[in-house]
Structures are given as structure tokens and as C-alpha cells.
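In: Sequence and predicted structure, then a few things I'm wondering about:
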Amino acid sequence: MRNENLALEFEKRGVLGTILKFSIPSSIGAIIGMLCVLTDRYFIGQVAGRGGMSAIAIVFPYMMIINSVNFLFSGVAIISGVELGKGNRDRAEKVLGSSFLWILIVGVFLSGILYMFNDKILLLMGASSSNFQDAKDYTKFIIPITVFQIILGQSTLIRGIGDPITAMGVNIFTAFLNIILDYIFIFKLSMGILGASMATFIATALSAIYIVFYFIRSDVVKLRIENLKINFSILKEVFKIGSPRFYNQLLQSVLVIVTNKKAGIYGGDLATAAIGIISIVRGVINTSMQGFNQGTAAIISYNYGAKNYERLVEVLKVQLKTVITIALSMVIIMFLDAKTIVGVFVKNDMELINYTANAMKINLVMMCSTAIFLACNNFFQSMKENKIATRYFFIRIGVLNIPLVYILSYFIGANGVWMAFPVTDTIVALAILVSTYKRIKSFKVQ
């Protein structure tokens with residue numbers, strides 16, 4: 001039978017109030033998590049300067065690959081949310097149990113592969129003699145973080161079962177512990193970039209362990225020993241849901257590698273270091289929007305399972321208005337004082353500051369289009385409509401962004417690398433809006 005508390009929360013209460021209850025903690029948690037990344041980069045920039053920032057840019061695809069596997073298991077929260085909406089608690093618990101076992105298997109396997117080919121992968125990503133060792137040091141603790149990172153990603157399910165405060169608390173704990181350990185390892189123990197990766201590993205591992213115990217004690221959907229079974233049908237279903245974001249993240253990794261190499265060709269280490277900084281600022285904006293999207297995903301999934309389509313559409317409208325406002329506000333702030341923002345991450349390097357500030361304005365000018373794309377794609381994913389979500393992810397990166405980096409850089413150099421991003425997101429945002437409108441119209445027919 002259905003959980004009446006969830007039914008009241010997701011179906012009966014005011015739309016705006018419900019969205020805010022779930023999205024504000026999600027957004028705060030995501031922003032604080034990003035604060036951890038910002039602090040990490042700040043410390044590295046202060047200690048290692050341009051060389052450290054370029055090393056981070058090289059390693060960034062590594063972290064994206066690990067996150068891609070995390071996204072592959074994001075289907076656990078969506079499937080469980082839909083099943084709880086239908087009143088199938090036993091089914092939700094079976095999905096949770098089998099998925100946790102698969103997380104361990106996949107995480108350990110991936111870590112082993114990355115360790116075996118670490119040097120070759122770093123060279124493939126564009127590492128040079130000046131940043132190879134720093135990049136390698138950073139991966140020493142980033143690679144074994146895989147299992148814990150995937151488990152930490154299941155905090156979305158905590159939010160989905162009606163406990164957004166705990167989900168936010170996990171993110172806050174992870175971020176602040178990471179910041180404290182960063183300071184100790186980098187400055188007090190003089191461990192440099194290696195200390196930064198060690199701090200990330202410890203903070204993530206402890207938070208992941210907490211999540212495991214949370215589900216063991218949960219009254220809504222419990223992690224039970226008898227459900228820790230290898231179930232290929234559940235794995236297939238989970239992967240089917242998570243595959244759009246998985247493929248997107250893999251393509252994003254390829255995009256970052258291509259961007260690093262093209263920027264390096266036309267701008268050298270200066271452009272590579274600029275990428276490291278721009279990716280942080282873009283990440284802050286994306287994280288703010290995705291935090292809100294994560295909060296609405298649970299509401300969309302539940303109401304889709306309950307066939308409450310009118311409420312589902314209301315949620316989407318509020319979601320679009322909010323993420324567009326977030327993106328527009330942050331872009332305005334960035335344009336007003338880009339040099340100050342860049343100066344946070346580097347000191348005594350005006351050449352890098354001026355170069356990055358100009359490149360960042362080109363790269364981030366159309367973040368409102370990015371906001372539309374992310375919100376609409378989250379809408380399709382939350383309803384388990386994976387073909388549409390996957391198609392748009394592929395069009396965005398594989399068909400548009402990567403080719404445009406090559407084409408535009410060929411004609412206008414490094415500026416073409418930065419310009420490829422806003423052009424891509426403007427085109428794909430218009431296309432996905434049309435698909436979203438058609439899907440909403442179909443609800444009225446059902």
C-alpha cells in the first residue's frame with residue numbers, strides 16, 4: 001500500500017511549498033558540496049599556482065568518469081520513487097538492495113582498471129611534462145574513491161523518501177570535513193596536491209558509510225541483507241534510467257579532453273589553466289540549478305507514478321522559472337566582476353586573470369539556455385523516459401559541442417573553443433522545449 005505521508009507531501013500540499021521543501025535543502029547541499037570543490041581549487045591555486053590549476057584541468061575528466069558511474073546508478077532513486085508512488089515498498093527495497101551490491105562490484109572493478117592504466121590515461125587527457133606529476137599525485141586518492149562516491153550519490157533517494165534535511169546534512173558534512181582536511185593536509189602538513197585528494201577521499205568515505213547505516217535503519221525503504229543479491233533485471237532497469245546522464249558524463253569527459261587539447265594548441269598552458277578556472281565557475285552555476293532539479297525529481301517521479309499529471313506540469317513550470325532566474329543572476333554577477341572571481345583562484349598572475357576573465361564571459365554568456373536544457377531533461381528522466389533524455393544528451397555533446405570546438409577553433413582560435421559552448425546550449429534548449437511541450441500536451445489526452 002502507498003505511504004500516506006508521502007502521498008500527502010507529494011500530491012496534496014501546495015506545489016510551491018512542496019518544491020521549496022525538497023529543493024532548498026537539495027540546492028543548499030549541492031552548493032555547499034561545490035563550496036568544497038571551490039575551496040579545494042583555491043588551496044591548490046595558492047600553493048601550486050598556474051601549474052596546479054592546469055593539473056586539475058587535466059584530471060577533471062577522471063572525476064567526470066567516476067561521476068558518470070555514479071549517474072548510472074541514479075536510477076535507483078527514480079525507480080524507488082515511482083514504486084513508492086504505486087505503493088510497492090517491497091519492490092523498492094529489492095531495487096535498493098541489489099543496487100548496493102552492484103555498486104560495490106562495479107566500483108571496485110572500475111578503480112582497478114583506472115589504476116592499471118593511470119599513466120596512459122593522463123597522457124591521453126593532455127598531461128604535459130610540466131603538470132604530469134601533479135596530475136598523477138591527485139589521482140592517487142581520487143581513483144579509490146569510486147565506490148564511496150557512488151554510494152554518496154544515493155543521498156538522492158534519501159530526499160526521495162521524504163527526508164531532504166538529512167540528504168542536505170550529508171552534503172554539508174562532506175563539504176566541511178573536506179575543507180578542514182584540505183587546510184590541514186595542504187598547509188599544515190605541506191602535502192600539496194596529494195593532500196587535497198586525500199582530504200576528498202576521507203570525507204567522501206565517511207559520508208558514504210553513514211548513508212549505508214541510514215538505509216539499514218530506515219522505516220520507509222530499508223536496506224536488507226536478504227535483498228543483497230545479484231539481480232541482472234534490476235541492474236538493467238537501473239542502468240536504463242541512469243544511462244542518459246551516464247552517456248552525457250562520458251561524452252562530457254571526451255569534450256573536456258578535446259577542449260583541453262584544442263585550448264592547449266591555440267593558447268598553451270595559459271589556456272589550459274583558464275579551463276581549470278572556467279570549469280569551476282560553470283560548475284557553481286550548474287550545481288545551483290541541478291540542486292534545485294534534484295529536489296523536483298522526487299516530486300515528478302512520485303506524481304508520474306500516481307498519474308497526477310496536472311501537478312507534475314505545475315512542478316515543471318516552477319522549476320523552469322527558478323533555474324532560469326538562478327542562471328541569469330549568476331551570469332550578471334560574473335559579467336560585472338569577472339576578474340575578481342578569477343582572482344580568487346590565482347594570485348600574482350595578471351596575465352592568467354585577464355585571459356580567463358575574457359574567456360569566461362564568452363563561455364558562460366548563454367547559461368540560461370543551459371538551465372532550460374537541464375530542467376527539461378530532468379523532467380524526462382524523472383518520468384523514466386530515457387530515450388528522449390539520452391537522445392538530447394547525445395545531440396548536445398556528440399553532435400553539436402565536440403564538432404563545434406573543432407570547427408570554431410579552426411577559424412577563430414581559442415575564442416572558438418569558448419564560443420562552442422553557448423552556441424550548443426542555445427540550439428539544444430530550443431529543441432528540447434519543443435519536445436517538452438509535446439509531452440505535456442499528451443498528458444491532456446490520457
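Out: Looks like it came in fine. Residues are numbered from 1 along each chain as shown.

In: wouldn't residue 315 be in contact with residue 304 here?
Out: No. Counting by C-beta atoms under 8 Å, residue 315 stays clear of residue 304, with 10.2 Å between them. All C-beta spots, glycine's among them, are computed from the backbone N, C-alpha and C.

In: residues near residue 188, how many?
Out: As a burial measure, residue 188 scores 9 neighbours (other C-beta atoms under 10 Å).

In: Next, the contact list for it, please.
Out: Applying C-beta atoms under 8 Å, 6 or more residues apart in numbering to residue 188 gives no contacts.

In: same check, this time on residue 229
Out: Listed by C-beta under 8 Å, 6+ apart, the contact set of residue 229 reads 97, 98, 101.

In: same question, residue 329
Out: Going by C-beta under 8 Å, 6+ apart, residue 329 touches no other residue.

In: Kindly provide the distance from it to residue 39.
Out: 22 Å (C-beta to C-beta, to the nearest Å).

In: same check, this time on residue 204
Out: For residue 204, the distance to residue 39 equals 15 Å [C-beta to C-beta].

In: Likewise for residue 154?
Out: The spacing between residue 154 and residue 39, counted by C-beta to C-beta, is 24 Å.

In: Looking at these two, which one has more neighbours?
Out: residue 154 (27 against 19).

In: Would you agree that one is in contact with residue 75?
Out: No. Taking C-beta under 8 Å as the definition, residue 154 is not a contact partner of residue 75, at 10.9 Å.

In: Tell me where the model's unsure across this structure.
Out: The chain contains residues with pLDDT under 70 at 1-16, 26, 29-30, 33, 48-50, 160, 444-446.

In: Mind checking which of the contacts of residue 229 land in helices?
Out: Using DSSP state H to define helices, the subset of the contacts of residue 229 located there is 97, 98, 101.

In: Now do the strands in the stretch 301-446 of the chain.
Out: Secondary structure of the stretch 301-446 of the chain by DSSP state E, counting those that start in this stretch: no strands are present.

In: those helices in it, which residues are they?
Out: All helices of the stretch 301-446 of the chain, identified by DSSP state H, counting those that start in this stretch, fall at 309-336, 338-343, 350-364, 367-382, 386-394, 402-412, 414-445.

In: which of those sits most buried?
Out: helix 367-382 (a mean of 25; mean count of other C-beta atoms under 10 Å).

In: what is the orientation angle of that one with helix 386-394?
Out: Interaxial angle of helix 367-382 relative to helix 386-394 (axes from the mean of the first three to the mean of the last three C-alpha atoms, to 10 degrees): 150 degrees.

In: so helix 367-382 versus helix 350-364, what angle?
Out: For helix 367-382 against helix 350-364, the angle by the same axes, to 10 degrees is 60 degrees.
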